[in-house]
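Colleague: Fold the following and give me the result.
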Amino acid sequence: MEYCARCLYPKNAKPTIIFDDEGVCSGCRYHESRGQLEIDWAEREKMLEQILDEARAMRIERGNAHDCIIPVSGGKDSHYQVWLMKEKYGMNPLLVTFNHAFNSPSGLRNLSNMVEKSGCDIVRYTSGLDGVKRISRHMLETVGDITWHYHAGIRTFPFQVAVAYNIPLIVWGEHGFAELTGLVSLEDFVEFTRWTRKEHDMRGIEPHELIGQGGITEHDIAPYVFPSDDDIAKTDVRGIYVSNFFPWDAKKQAIDMMDHWDFAGITYERDRTFNLYSKIEDHANDVHDYMKYLKFGYGRATDDASMEIRHGRMTREEGIEMVKRYDAREPQTLPMYCDFMGISVDDFYALVDPMREQGIWKKTGPGQGKDDWHVQDAVFDHDIGERENAQRVPQSNDRALGKQNQALYFNPENPPEKCGDVTLDTFPKKFKVM
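Modeller: From the prediction side, this is the model:
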C-alpha cells in the first residue's frame, strides 16, 4: 500500500483520495491551499455577509422568527457555528438537532451547555430505539455501518424543518470530506446537495429502500425522508459551509469555545484516538471507526494524526506512534452495541469479515474474529525516506503532545487532569438516549 509522503493516509482512504507526482495526498494539498496568500479571506467574508443579509431580508419578507437553521450536535463545531452566527453576525438562528440515541454523557452535557449559553430556540427530534435497533443491525449486515441513521438524520431532518418553517438558509460548519481527503477544492465553494447527502453520507441508499428489510417500517424511516423537489423549490432553501469563508482550525475554535461558552473536552483516554475534544458527543464513534479499520486498515488515529501533521503540530514519527497505539484497538463498547442489536461479538466479526479489503488483510485462522485475520501492511511498516523528509511541513512551537495541550490531546506521559465532572472524567460504557 502506498501512503502519503506528508501525512499518514493510505491510498485506499475513503471516500476518495488522490496522490500527486510527489506522493502527497489531495487532503494535504487542500489543507495547503487554505493557507495560500492568493486566497482573499476578507473578500470571502464579504460573500458570507451578503448571504446572511439576504437571509435576514427573506425572514422579514416571510414573517419568520428565524434567519437560518444551524444543525447542531453539541460538539465543538456546533458551539462555534452558533457563536459565530449569533455573536459575530447578529443572526437569530433556529437550532436543529437529530437525536440518534447513541449519545455520550459529555455530549449531552455540551449540548445542554450550548443551548443555555446561546439562548437560541431549538427543535430536537429523538429517533425511537426500536427503529434505531432495526436500522443499525440491517446496515451492519449490508454495508458495515451501525451509524447510518446518524448521517441520514442530520443531513435530512434540518431540511424537513426548513420546509415546515419556511426558512431558506441552513448553515453547516466544515466540509468534512474536503478537510480530510480533499474531495473538493476550496475554489468550488461547494454547497450542500441532495446528491452528496445520498452518495457520501447515506452510502447511496434512500430510506424508502429499507422498508421491509429487517423489519424496518415506514415509521422508522420518517426522519430520513428528504422533502420533495417541489417543497425545496418553494422554500428556496440552500445549505452553505462556513469553512468556505474562513481559515479553519478545529483546535483553535475548540479553545475559543472553551473560553467563550464553556465547551468542555473529556479527561479520560479514548479507545480509538488521542484527541480529547472532537466527536466526543458520539458514543458509537468508537465502534463505527473500528469497522473502518477492519475494512480498510486505518482508523480515527490516522485521521487525527494526519490533521496534526498538516498543521505542523506533530511530526510523522509522533503520528505513527499514535497510529500504533490506537488504530487496531478493539473498543470496550463493542460487546454492548452487539448486545443492543441482538448479536454476539463473534456474529459481528462474521458480518464484517467479508468486507475486509484484500491486500490489506490476510486470513490466517479457521474462524471469524480479530485473531483470525492479520494486517499485511500499515504505515509504520514503511521506512521514512527522502520522499517523506522532502514533504515535511515547518514545525510549530504548539506541539500537540506538549504540556500546553494537556487537556486537548492524550499523552500517556502527561495525561490530562481530572475536572471533577463525572460526565467528562469517566469513560461511559453505555450510551444515553436522552
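
Colleague: those strands in the chain, which residues are they?
Modeller: Listed in chain order, the strands of the chain (DSSP state E) span 68-71, 93-99, 121-126, 169-172, 238-241, 361-363, 373-375.

Colleague: Check these for me and report the most buried one.
Modeller: Per residue and on average, the most neighbours among these fall to strand 68-71, with a mean of 25 (mean count of other Cβ atoms under 10 Å). To be clear about C-beta, it is placed using only N, CA and C from the backbone, and glycine gets the same treatment.

Colleague: Name the surrounding residues that touch that strand.
Modeller: Strand 68-71 is contacted from outside by 52, 55, 78, 81-82, 85, 91, 93-98, 154, 157-158, 161-162, 165, 167, 169-172, using Cβ atoms under 8 Å, 6 or more residues apart in numbering.

Colleague: try it again with 7 Å
Modeller: Residues outside strand 68-71 that contact it (Cβ atoms under 7 Å, 6 or more residues apart in numbering) are 55, 81-82, 85, 91, 93-96, 154, 158, 161-162, 167, 169-172.

Colleague: same deal with stretch 122-130?
Modeller: For stretch 122-130, contacts defined as Cβ under 7 Å, 6+ apart pick out 94-101, 115, 149, 153, 157, 161, 223, 433-434.

Colleague: From residue 41, how far off is residue 64?
Modeller: Residue 64 sits 30 Å away from residue 41, going by Cβ to Cβ, to the nearest Å.

Colleague: To clarify, my last question referred to residue 11.
Modeller: Distance, residue 11 to residue 41, using Cβ to Cβ: 32 Å.

Colleague: do residue 231 as well
Modeller: Counting by Cβ to Cβ, the separation of residue 231 from residue 41 is 35 Å.

Colleague: Which one of the two is surrounded by more residues?
Modeller: More crowded of residue 231 and residue 41, by other Cβ atoms under 10 Å: residue 231, with 15 against 11.

Colleague: Break this structure down into its structural domains.
Modeller: Following automatic domain parsing, one finds the domains of the chain at 41-244, 266-425.

Colleague: Between the two ends of the longest one, how far is it?
Modeller: Same thing as domain 41-244. Domain 41-244 has an end-to-end distance of 9 Å (Cα to Cα, to the nearest Å).

Colleague: quick one: residue 103 and residue 431 touch, right?
Modeller: Yes. Taking contacts as Cβ atoms under 7 Å, residue 103 lies within contact range of residue 431: 5.8 Å.

Colleague: Mind listing the shared neighbours of those two?
Modeller: residue 283.

Colleague: who has more neighbours, these two?
Modeller: Under the criterion of other Cβ under 10 Å, the comparison of residue 103 against residue 431 puts residue 103 first, with 23 against 19.

Colleague: Excluding chain neighbours, what is closest to that one?
Modeller: residue 432 (5.0 Å; Cβ to Cβ, 6 or more residues apart in numbering).

Colleague: From residue 149, how far off is the one you found?
Modeller: 17 Å.

Colleague: Pull stretch 335-344 out as PDB, backbone CA atoms only.
Modeller: Output of stretch 335-344 as PDB, limited to C-alpha atoms (Å, rounded to 0.1, in the frame of the first residue of the first chain):
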ATOM      1  CA  PRO A 335     -20.000  -6.100  23.300                       C
ATOM      2  CA  MET A 336     -22.600  -3.500  24.500                       C
ATOM      3  CA  TYR A 337     -23.600  -2.500  20.900                       C
ATOM      4  CA  CYS A 338     -23.700  -6.100  19.800                       C
ATOM      5  CA  ASP A 339     -26.000  -6.900  22.700                       C
ATOM      6  CA  PHE A 340     -28.200  -3.900  21.700                       C
ATOM      7  CA  MET A 341     -28.500  -5.300  18.200                       C
ATOM      8  CA  GLY A 342     -29.200  -8.800  19.400                       C
ATOM      9  CA  ILE A 343     -26.000 -10.400  18.100                       C
ATOM     10  CA  SER A 344     -22.800 -11.800  19.600                       C
END
